[in-house]
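> Starting from these lines, generate the structure:
(2 chains)
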Amino acid sequence: MTDDPVDFGGWVAPHLAVMANLAARLAGPTDRDDVVQEALTRAWRRWSTYDPARGTPRVWLLAIVADQAGRTRRRRRPSVDVVAGVVAPVERDVDLERALARLTRRQRLAVDLHYFVGLDMAETAQVMGCAVGTVKSTLSDARERLRRLLEEP
Amino acid sequence: MIDDRLRAYAERWRAAQPAPADDLAVSPSRPRRAWLVAAVAATALMVVAAVTVAMTRDGDDGKRVRTTEGPRYAVVPWIDEPAPPPVPTTTTTLPPVIAPPCTAEDIRVDEVSAEGATGHLGHTVRLRNAGTRACSLHGYPTVTATSAQGPLDDYRQGTFFPAPIPADIAPGAGGIVIIETTSVCIDDRHQAGPLYRDVHISMPGGGYVAVPDLELDATCGLWVSQLGVWPDSAGQPPPGPAPGSLATLKATSTIPQHLRAGEVAHFEVTLANQTPVSVHLDPCPGYRLVLYTMAGPVDRTYLLNCRDAPEIPAGGERVFDMVARVPDDAERGVAKFSWSMLDWGGPSTGAAVEVTD
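Below is the predicted model of the structure:
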């Protein structure tokens, strides 16, 4: 690993879109780019500590984004805007977003990583710092809770 | 069913996401430097925008006055007077601590919340007595944590935040401990300090409780408070600021991006009152200017010029001229400059600066 900023830029560039998506999910569209910027700053500072044996760059960067979004969210007051994105809020989506907002923090993170960012189970587990089995049970719990909240069969 | 619905919605959601901002600092300049520039530029932009909207030059005396509707106020001149001595806090009689010390078996961690102030980040660990008997929380705990560089072995007792007070807690009741990190040092070697996870806190009666989901960036140090309850009698989190109090004010500043060692820097601090209740500056508060460098903070306190600005009107603001001498021997490089009112919960503002020759 070098301290060459061009190298760093090239290293993170392929992952910017998924970083932005996760930031939008966890912190909302307004704070998305701020969260990504802060995460990039932290990633730059810790770049020398990145260990490929412990996960891919994407996983490492997303873990930083998740933590940074948590910090940002904790500093904000709760928002009444539950639609975490700029997608056209059709009624079904609004209901689903409201239900997602009622999941626990871990359930929400698992859902966001797996469904909205598109990570597989193994990558989701690495970002969350837990076992694949834990992710599976967390997602199962999340889906069950969503089902109840949305009164689906 | 719900799986399909989630996948379909997620696909629509992803397709609707705009691309990340073009100006994210990933290259070609160093992100950290770019972050500094961006942060300072953003601060400056906000201040310039605010000042542009609210102020213009007026008259021969060159004083800036408000041009928006409402009273017209001149910029309040700086005065070189010392800050008032600190007011002793009201003495309260604390309830006696008589219950046996809480053990790890008694205590559960409910959540961790973070509160920031002038570069200090307090992680409040909310504890709950999950046992069937009252127990007491008191004393400084031992904190353990691990990082890639090894276990946590250097932290200090006492935090920037109000100290929890020792107390007996009934079954189901809560207590706290605060773990503080700070961003007021900046490592000029572009090296981060350890990042600690797997945090555990000792209980006065024995054993450790795990604090889940807490990551501590100890680059600039780590502090821990006593165990106890919120420093009010009910043991509840402090309420929001009282109407008319200094804590309802918001501060912004025009702290310059670059400071030369030895120079006398001039800038402005705007105190805005966005509430419907005027804030009377009586008694007149002091304020603190701190330049945080790697070599340590440079700390000065002064009295606010309340003589020319005895109140911040409801819905209004006042702009105060500030003067700060940068020491000749101030360490060159990136630093943080902060302005904070000497009142707990009072307004503060700050910016990243670069100290040059």
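
> Number of residues surrounding the nearest residue to B:Leu227 once chain neighbours are set aside?
Computed as C-beta to C-beta, 6 or more residues apart in numbering or on different chains, the closest residue to B:Leu227 that is not its neighbour in sequence is B:Leu137, at 4.0 Å. All C-beta spots, glycine's among them, are computed from the backbone N, C-alpha and C. For B:Leu137, the neighbour count with other C-beta atoms under 10 Å in any protein chain shown is 31.

> Hmm, B:Val229 and B:Leu137 touching each other?
Yes: using C-beta atoms under 8 Å, B:Leu137 is in contact with B:Val229, at 7.1 Å.

> anything in contact with each of the two?
Residues touching both B:Leu137 and B:Val229 (C-beta atoms under 8 Å, 6 or more residues apart in numbering or on different chains) are B:164, B:167, B:169, B:175.

> Out of the residues you listed, who's the most crowded?
Using other C-beta under 10 Å as the neighbour test, these are led by B:Gly175, with 26 neighbours.

> Now secondary structure and pLDDT too, for the shared contacts of B:Leu137 and B:Val229, in CSV please.
Listed next are the shared contacts of B:Leu137 and B:Val229 as CSV, based on DSSP: H, G, I helix; E, B strand; the rest coil; pLDDT from 0 to 100:
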residue, secondary structure, pLDDT
B:Pro164, coil, 86
B:Ala167, strand, 87
B:Ile169, strand, 90
B:Gly175, strand, 92
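
> which pair in those spans the largest distance?
The span of these, defined through C-beta to C-beta, is set by B:Pro164 and B:Ile169 at 11.2 Å.

> Please enumerate the shared neighbours of these two.
By the contact definition C-beta under 8 Å, 6+ apart, B:Pro164 and B:Ile169 are jointly contacted by B:137, B:175, B:229.

> Now do the same contact list for residue 141.
You didn't pick a chain, so chain A it is. Residues in contact with A:Asp141 (C-beta under 8 Å, 6+ apart) are A:Gln107.

> actually it's chain B I care about, not the one you picked
Counting by C-beta under 8 Å, 6+ apart, B:Pro141 touches B:177, B:201-204, B:224, B:227.

> Apply 7 Å and report the result again.
B:Pro141 sits next to B:177, B:201-202, B:224, B:227 when contact means C-beta atoms under 7 Å, 6 or more residues apart in numbering or on different chains.

> Looking at the residues you listed, which are in strands?
B:177, B:201-202, B:224 (DSSP state E).

> Select only the buried ones of these in ChimeraX?
Restricted to buried positions by 16 or more other C-beta atoms under 10 Å in any protein chain shown, the ChimeraX selection for the ones in strands among the contacts of B:Pro141 reads:
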select /B:177,201,202,224
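
> Now render the ones in strands among the contacts of B:Pro141 as JSON lines, adding distance to chain A and pLDDT.
Listed next are the ones in strands among the contacts of B:Pro141 as JSON lines, based on distance: C-beta to the nearest C-beta, whole Å; pLDDT from 0 to 100:
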{"residue": "B:Val177", "distance to chain A": "17", "pLDDT": "94"}
{"residue": "B:Ile201", "distance to chain A": "19", "pLDDT": "94"}
{"residue": "B:Ser202", "distance to chain A": "23", "pLDDT": "94"}
{"residue": "B:Val224", "distance to chain A": "19", "pLDDT": "89"}
